[in-house]
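Take a look and give me a structure for this.
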Amino acid sequence: MTAQVSNNPGVPLEGLRVLEVGHYIAGPHCTQILSDWGARVVKLERPTGDPGRASGTQINGNGLYFAVQNRGKESLAMDLKSAGGRDAIRRLIRWADVVVSNYSPAALEKLDLAYPTLRELNPAVILIQASGFGSAGEFRDWVAFDSVIQAMSGLVDMTGQPDGPPTIPGYFIADHLAGIYSALAAMGAIIERYRTGEGQCIDVSMLDCLVSIGAYPQAISHVPGGHLTRRGNLPGHSAPIAVYPALDGYVSVCAMTDKMWRKVTEVMGLADLAADRSLDTRVGRRAARERIDGAIIQWTSSRTRQEIASLLQASGVAAGPVNAVGELEADPRVAARMSTTQLECQDGTIIAGAGPAVMTEGMKAGLEAASHRARIPGLGEHSAEILSELGYDSEQISSILAGN
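Below is the predicted model:
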C-alpha cells in the first residue's frame with residue numbers, strides 16, 4: 001500500500017515515499033529535488049556505496065561529488081544480488097510511491113527491477129528511468145556521461161572561442177538537466193495517479209533533455225545559410241553584449257534593447273557614440289561592435305565589477321559581475337534567495353553546497369526548521385532502521401546486511 005501525500009501546504013510532497021536506485025548525478029539530483037519538496041527518499045546503495053562517494057575531491061573522507069547531490073536522504077546499503085537483498089528490494093517496491101533510477105536499462109533488468117516487475121509488485125508505483133539515450137531502441141546500451149551528451153547535443157560545438165576547438169562547459173549540464181526533467185516527470189505522474197490510481201514508467205533520455213533547450217540554434221540551422229558558430233564571449237545579437245574587463249575581474253553587460261543602449265551611453269558618458277544616429281539600431285551597433293566595445297572597455301577597466309553592475313542596473317541595463325564559483329556565497333543576490341546551504345556529513349564535516357532552486361512560500365518559511373534536510377547520509381546509516389520498518393527482525397536484518 002503506497003503512502004498518501006499530505007495536504008501540508010508548506011511541504012508539498014510530504015508523505016511521498018521515493019526509492020532511489022541511482023548513482024552519480026542524474027538520478028540523485030532528481031530525488032534531491034523531491035526531498036527538498038518534502039518527500040522521504042531512501043537511497044539504495046551497494047555495500048561499497050554510490051561510486052559518487054569516491055569520486056572527485058574528498059574532505060575528511062567525505063566525497064564532495066556525492067554530498068552535493070544527496071542531502072536529506074536515508075541510505076540503505078546491501079547486496080542487491082543476494083537472496084536477502086532481492087527480498088528486501090521487493091518489499092521496498094511495495095512500499096514506494098516513486099522509484100527513480102539512472103542505472104542503465106540493462107542493469108535494471110539484471111537486478112529484476114524493470115518496470116513490468118515493479119508493476120506486478122505495486123500497480124501504483126511510478127518508475128522514472130533516466131539514461132543516456134533512453135530505455136528502448138538500438139542506442140539504449142550506449143554508455144553515456146555528461147560530456148558525451150553535451151557533445152552530441154550541439155552544445156559543445158557552440159561553446160568556445162571562434163578560432164578555437166569545441167569546448168566542454170564547466171558545469172555538468174546534461175546530468176543536472178536530466179535530473180530536473182525527471183523530477184518534473186515524477187510530479188506530473190503523481191498528479192496523473194490521483195486521477196487514475198495507476199502508476200506508470202517514464203523514460204527520460206539525457207540527450208533528449210539537452211536537445212530540448214537548444215530549440216533556437218536548431219531552428220536557425222534549418223534556415224538557408226543559417227548556422228550558429230562559436231562566438232566566445234560575444235553572443236552576436238548586437239553590441240554591447242559581452243564580457244568586459246573590470247578592475248577586479250570581469251563583468252557581463254547585456255544592453256539588448258535600443259533603450260538600454262541609450263542608458264549605457266548616459267552612464268558611461270559616451271556622448272560621441274550617443275550622437276551617432278547609425279548606432280540607434282541593433283543592426284548598426286552590431287556593425288560597429290569594435291568601436292563600441294573599445295569605448296566600453298576603457299570605461300569598465302577603471303571600475304570594479306560591483307560598481308559597474310550597480311550603476312548600469314540602476315539605469316535599467318542588464319549587467320552583473322562574473323563571479324568565481326567560490327564567490328557565490330558572498331554575493332548578496334544569491335544569499336537573499338537562500339540559494340546556497342551548509343551540508344553536514346555524518347562525521348560532522350560541513351560542506352558548502354547549493355540549496356533548493358525553487359521553493360514554495362511555505363518551504364521558505366520552514367527552511368530553518370527543516371535544516372535536517374541539509375544532512376548527508378553516511379553509507380548504510382539507515383539500513384537497520386529501514387529494514388526494521390519493512391518488517392524484518394534483528395536476526396534477519398543482520399543476515400541481509402551480511403550479504404546473505
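
So which bits of the helix or strand bottoming out on mean pLDDT in the chain are buried?
None of the helices or strands of the chain scores lower by mean pLDDT, DSSP states H and E than helix 361-365, at a mean of 72. Residues Met363 are the ones in helix 361-365 that count as buried (16 or more other CB atoms under 10 Å). Placement of C-beta: from N, CA and C, glycine included.

Can you show me the CA trace of that helix as CSV?
Extracted in CSV, the C-alpha atoms of helix 361-365 (Å, rounded to 0.1, in the frame of the first residue of the first chain):
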residue,chain,number,x,y,z
GLU,A,361,6.5,30.2,0.3
GLY,A,362,5.8,27.6,3.0
MET,A,363,9.1,25.9,2.3
LYS,A,364,10.9,29.2,2.6
ALA,A,365,9.3,29.9,5.9
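
The next helix or strand after that helix packs against which elements?
Under the assignment DSSP states H and E, the closest C-terminal helix or strand after helix 361-365 is helix 383-389. Under the contact criterion of 3 or more CB pairs under 8 Å, 6 or more residues apart in numbering; DSSP states H and E, helix 383-389 touches strand 74-77, helix 394-401.

for the shortest one, packing partners?
Read it as strand 74-77. Counting by 3+ CB pairs under 8 Å, 6+ apart, strand 74-77 packs on strand 40-45, helix 383-389.

which non-adjacent residue is nearest the most centrally placed residue in the chain?
Centroid-nearest residue in the chain: His176, 3.2 Å away (criterion: CA atoms, centre = their mean). The shortest distance from His176 to any non-neighbouring residue, by CB to CB, 6 or more residues apart in numbering, is to His29 (5.5 Å).

Settle this for me: the residue nearest to the centre of the chain is touching Tyr24, isn't it.
No. His176 is beyond contact range of Tyr24, at 11.0 Å (criterion: CB atoms under 8 Å).

Please enumerate the strands of the stretch 101-250 of the chain.
Using DSSP state E, counting those that start in this stretch, the strands of the stretch 101-250 of the chain run over 126-131, 201-205, 241-246, 249-254.

residues making contact with stretch 154-161?
Stretch 154-161 is contacted by residues 147, 150-151, 166-169, 173, 210-211, 214, 217-218, 228-230, 232 when judged by CB atoms under 8 Å, 6 or more residues apart in numbering.

again, only this time at 6 Å
The list of residues contacting stretch 154-161 from outside it, by CB atoms under 6 Å, 6 or more residues apart in numbering, reads 150, 166-169, 214, 228, 230, 232.

Any of those buried? List them.
Applying 16+ other CB under 10 Å to those, the neighbour count classes 150, 167-168, 228, 230 as buried.

what sits up against stretch 248-266?
240-241, 243-244, 273-274, 304-305, 308, 315-322.

And that stretch, end to end?
In stretch 248-266, first residue to last residue: 23 Å (CA to CA, to the nearest Å).
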